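Asks: Predicted model, plus sequence, below.
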Amino acid sequence: MLEKYQSIIELYKSHNLEGIDMVNELMRFQALDQLVSSNAHAREWGLTSEALYKLAERSTSEAFGPIPYDEETMTKIYGPSFAINLIDFITDTDYLEGIDAGHQWETPIRESIEAHKDTDHLVLFAYVEEYACMIEEILQSFEPKKVVLYTASPVCYSVLSRLYPMAQIINRWPHASYFDHIVTASVGMFKPCEDIVEEVANGLNNLVQYGTARLFVPSTMAQAQVGLNKMALQFFLTQKRIEKICEWAPLGAYEIIYGPADVKKMNIGVREFDGNEWKETAFIKLPHGVFGDMTVFTVLNYALSLRSILLPGGQMDPTLGQDGIYSLDSRVPVTTRTSFAAEGAYMVAFKQDGEDVEVVLTTQAPDQGVYWMFPDQELAYLWYTYFTSTIGKTIMAHITHIARTEEGFGYFLGNCRRSILNVNDEAALIESVTKGQVAYAEAITKAQESWQHTIDTVATKVVPLVESIDLEAYTDNN
């Protein structure tokens with residue numbers, strides 16, 4: 001639990017309000033504040049505690065249930081409740097599952113807002129459960145009839161429909177509606193990637209004739225290229241109106257720009273969070289068919305092909321992104337990642353120094369560098385073996401030239417594919433690696449001892465002989 005919430009949690013607890021009940025009252029107060037703010041007389045002269053309590057009883061009981069406390073209690077908890085951000089509180093405490101603040105989405109969502117808020121476009125923002133911190137800004141930037149919010153999360157729909165009763169909030173894809181622009185943003189936090197990409201691909205039919213779209217779909221679509229993921233990826237790669245595909249690291253999403261008309265070549269690149277901003281690295285743009293013909297298409301695979309390198313493995317081979325959880329994995333809430341690491345998950349850590357990358361197998365989260373976490377020992381050993389091999393080191397060296405940041409480097413490793421081993425082969429690999437580590441450590445120790453002995457022997461010819469030194473003779477007292 002974060003310390004910044006302790007005081008408000010203790011305050012509510014003293015009035016027998018905890019967990020979901022506390023969230024419900026925080027939501028009630030936010031809805032009540034909107035009612036008060038919309039009334040000119042109340043804004044100017046304020047309300048007495050009695051009038052505020054009666055307004056809450058009259059206006060919020062249907063959406064949030066009967067008020068479970070008296071006027072005196074409400075007076076004590078109402079004001080302090082606005083010292084915290086409701087969406088951040090829900091995200092950080094995990095009192096509700098199915099909604100996330102998603103501050104990592106602020107830049108792409110704000111770019112979409114700025115591009116369309118002063119137009120007459122009808123805009124759909126989809127999967128808002130993953131960037132709930134931006135909902136307020138979206139609603140304030142567009143006229144109520146010009147924006148629709150779609151959430152695939154029942155919990156998020158329940159929260160938003162009560163907080164913003166006048167907004168157009170839906171919980172099913174609007175197949176019967178048409179939009180000038182569609183924005184989707186999801187890494188698959190609350191819904192399977194296959195369902196998302198199928199829905200998004202079909203959703204392009206909901207654009208008007210010259211409509212546009214900015215689609216952020218989970219990078220899992222490219223990592224797990226089977227079934228609907230494979231079909232959706234091929235669909236996007238062959239659409240002539242796709243202007244650009246860009247992988248955002250470590251956000252974990254593929255940005256797909258769908259333009260108003262056909263284009264001859266498609267832009268492709270990566271965008272990384274470097275310093276305080278997202279910076280883009282663009283690669284050579286080519287006709288759509290070239291990318292569609294690649295045996296295994298990923299942005300990283302294309303970038304490496306420009307350096308005459310191809311990642312080993314086929315579409316059926318699992319990726320690191322499928323096997324593990326990245327230390328900055330947007331698919332998993334921060335609290336879950338922190339808890340997983342603290343419980344002693346198996347980790348493969350990477351510390352970059354130019355082209356050289358130190359790879360460490362551990363159960364303790366390192367203070368520096370980035371790492372991938374695994375639910376079992378076998379997967380950790382498989383990937384440790386992969387990246388400590390000569391081929392693995394060569395691949396990492398080339399990726400360091402593509403990635404701007406260490407965080408981006410660690411994320412791009414998620415595109416690497418491994419072979420599938422049976423249980424016996426996995427056990428044999430662990431045994432071999434363990435023996436190899438012990439032998440390596442012993443050899444290093446012997447080499448160091450031999451080296452020290454050699455130096456000490458040679459040093460007798462360089463260092464003059466001296467009698468033993470009486471350290472007490474050199475103390476301050478003498």
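Replies: Yep, that arrived.
Asks: Do a quick rundown of the helices in the stretch 301-450 of the chain.
Replies: Taking DSSP state H, counting those that start in this stretch as the test, the helices found in the stretch 301-450 of the chain are 320-323, 334-342, 377-388, 390-402, 406-412, 423-459.
Asks: And for the third one, what's in contact with it?
Replies: Same thing as helix 377-388. Defining contact as CB atoms under 8 Å, 6 or more residues apart in numbering, one finds that helix 377-388 is touched by 320, 323-324, 346-348, 350, 357, 359, 361, 372, 374, 392-393, 396, 413, 416, 418, 421, 426, 429-430, 433. Placement of C-beta: from N, CA and C, glycine included.
Asks: lowest average confidence, helix or strand, in this protein?
Replies: Sorting the helices and strands of the chain by mean pLDDT, DSSP states H and E puts helix 40-45 at the bottom, at a mean of 64.
Asks: Let me see the ranges of the strands in the stretch 1-150 of the chain.
Replies: For the stretch 1-150 of the chain, the strands defined by DSSP state E, counting those that start in this stretch cover 123-126, 147-150.
Asks: the helices in the stretch 151-300 of the chain, which residues?
Replies: Assigned by DSSP H, counting those that start in this stretch, the stretch 151-300 of the chain shows helices spanning 154-163, 193-203, 220-223, 227-238, 288-292, 299-305.
Asks: Just say which of these is most tucked in.
Replies: Ranked by mean neighbour count under mean count of other CB atoms under 10 Å, those are led by helix 220-223, which reaches a mean of 24.
Asks: what is the rounded mean pLDDT of it?
Replies: Here helix 220-223 scores 95 as its mean pLDDT.
Asks: just checking, what packs against that helix?
Replies: Packing partners of helix 220-223 (3 or more CB pairs under 8 Å, 6 or more residues apart in numbering; DSSP states H and E): helix 193-203, helix 227-238, helix 320-323.
Asks: Need these in CSV (columns: mean pLDDT).
Replies: What follows is the helices and strands packed on helix 220-223, written out as CSV (pLDDT from 0 to 100):
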stretch, mean pLDDT
helix 193-203, 96
helix 227-238, 94
helix 320-323, 94
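Asks: returning to that earlier point: looking at the helices of the stretch 301-450 of the chain, which is closest to Pro312?
Replies: Comparison of the helices of the stretch 301-450 of the chain against Pro312 by CB to CB identifies helix 390-402 as nearest, at 7.0 Å.
Asks: Centroid-nearest residue for the protein?
Replies: Central residue of the chain (CA atoms, centre = their mean): Ser330, 1.5 Å from the mean position.
Asks: Wait, it touches Ser186, no?
Replies: No. Here Ser330 does not reach Ser186: they are 9.8 Å apart, not a contact under CB atoms under 8 Å.
Asks: Now do the shared contacts for those two.
Replies: With CB under 8 Å, 6+ apart as the test, Ser330 and Ser186 both reach Ala253.
Asks: Chain neighbours aside, what residue packs nearest to Tyr164?
Replies: Nearest residue to Tyr164, sequence neighbours excluded (CB to CB, 6 or more residues apart in numbering): Leu139, at 6.4 Å.
Asks: give me the number of residues near the one you found?
Replies: When neighbours are defined as other CB atoms under 10 Å, Leu139 has 20 of them.
Asks: mind giving me the domain split of this protein?
Replies: Using automatic domain parsing, the domains assigned to the chain come out as 3-84, 103-305.
Asks: okay if I get those domains as a markdown table plus distance to Gln315?
Replies: Output for these, formatted as a markdown table (distance: least, CB to CB, whole Å):
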| stretch | distance to Gln315 |
| --- | --- |
| domain 3-84 | 43 |
| domain 103-305 | 4 |
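Asks: weakest of those in terms of mean pLDDT?
Replies: Between these, the one with the least mean pLDDT is domain 3-84; it has a mean of 89.
Asks: and that domain, how far apart are its ends?
Replies: Start-to-end span of domain 3-84 (CA to CA, to the nearest Å) is 12 Å.
Asks: ok, the nearest residue to Ala167 once chain neighbours are set aside - contacts?
Replies: Using CB to CB, 6+ apart and skipping the chain neighbours, the partner closest in space to Ala167 is Leu139 (5.6 Å). For Leu139, the contacting residues are Val147, Leu149, Tyr164, Ala167, by CB under 8 Å, 6+ apart.
Asks: ok, so what distance separates Leu139 from Ser37?
Replies: To Ser37, Leu139 is 14 Å away according to CB to CB, to the nearest Å.
Asks: One more: Ile87?
Replies: In this view, Ile87 and Ser37 are 18 Å apart by CB to CB.
Asks: do Asp94 as well
Replies: According to CB to CB, Asp94 and Ser37 sit 29 Å apart.
Asks: and these two? which has more neighbours close in?
Replies: Each of Asp94 and Ser37 has its neighbours counted (other CB under 10 Å); Asp94 has more, 14 against 10.
Asks: mind checking pLDDT for that one?
Replies: Looking at Asp94, the pLDDT reads 85.
Asks: Hmm, Val334 and it touching each other?
Replies: No. Proximity of Asp94 to Val334 does not meet the contact threshold set by CB under 8 Å, at 9.9 Å.
Asks: So in that sheet, which strands flank the longest strand seen in the chain, and in what orientation?
Replies: Secondary structure of the chain per DSSP state E: the longest strand is strand 207-218. Next to strand 207-218 in the sheet, as set by DSSP bridges, lie strand 179-185 (parallel), strand 253-258 (antiparallel).
Asks: thinking again about what came up before, of the helices and strands packed on helix 220-223, which is nearest Asp293?
Replies: The nearest among these, by CB to CB, is helix 227-238 at 9.1 Å.
Asks: what does that closest one contact?
Replies: Contacts of helix 227-238 from elsewhere in the structure, counted by CB under 8 Å, 6+ apart, are 193-195, 197-198, 200-201, 217, 220-222, 225, 242, 245, 256, 288-289, 291-292, 297, 315.
Asks: between it and helix 193-203, what angle do the directions make?
Replies: Angle of helix 227-238 versus helix 193-203, following axes from the mean of the first three to the mean of the last three CA atoms, to 10 degrees, is 40 degrees.
Asks: Give the full set of residues in contact with Tyr411.
Replies: For Tyr411, the contacting residues are Ala249, Pro250, Gly252, Tyr326, Leu328, Val370, by CB under 8 Å, 6+ apart.
Asks: Out of the residues you listed, which two are the most distant from each other?
Replies: So, the contacts of Tyr411 by CB to CB: farthest apart are Gly252 and Val370, at 13.6 Å.
Asks: shared neighbours of these two, anything?
Replies: In contact with both Gly252 and Val370: Tyr326, Tyr411, using CB under 8 Å, 6+ apart.
Asks: Which one's more surrounded, these two?
Replies: More crowded of Gly252 and Val370, by other CB under 10 Å: Gly252, with 26 against 22.
Asks: Distance of that one relative to Tyr326?
Replies: Gly252 sits 8 Å away from Tyr326, taking CB to CB as the criterion.
Asks: for Ile169, same thing?
Replies: The gap separating Ile169 from Tyr326 is 32 Å, by CB to CB.
Asks: likewise Arg417?
Replies: Per CB to CB, Arg417 is found 16 Å from Tyr326.
Asks: do Cys156 as well
Replies: According to CB to CB, Cys156 stands 24 Å off from Tyr326.
Asks: hang on, isn't Ser81 packed against Ile9?
Replies: No. The criterion here is CB under 8 Å, and Ser81 misses it with Ile9 at 11.4 Å.
Asks: Which residue, neighbours along the chain excluded, lies closest to Asn415?
Replies: Leu300 (4.5 Å).
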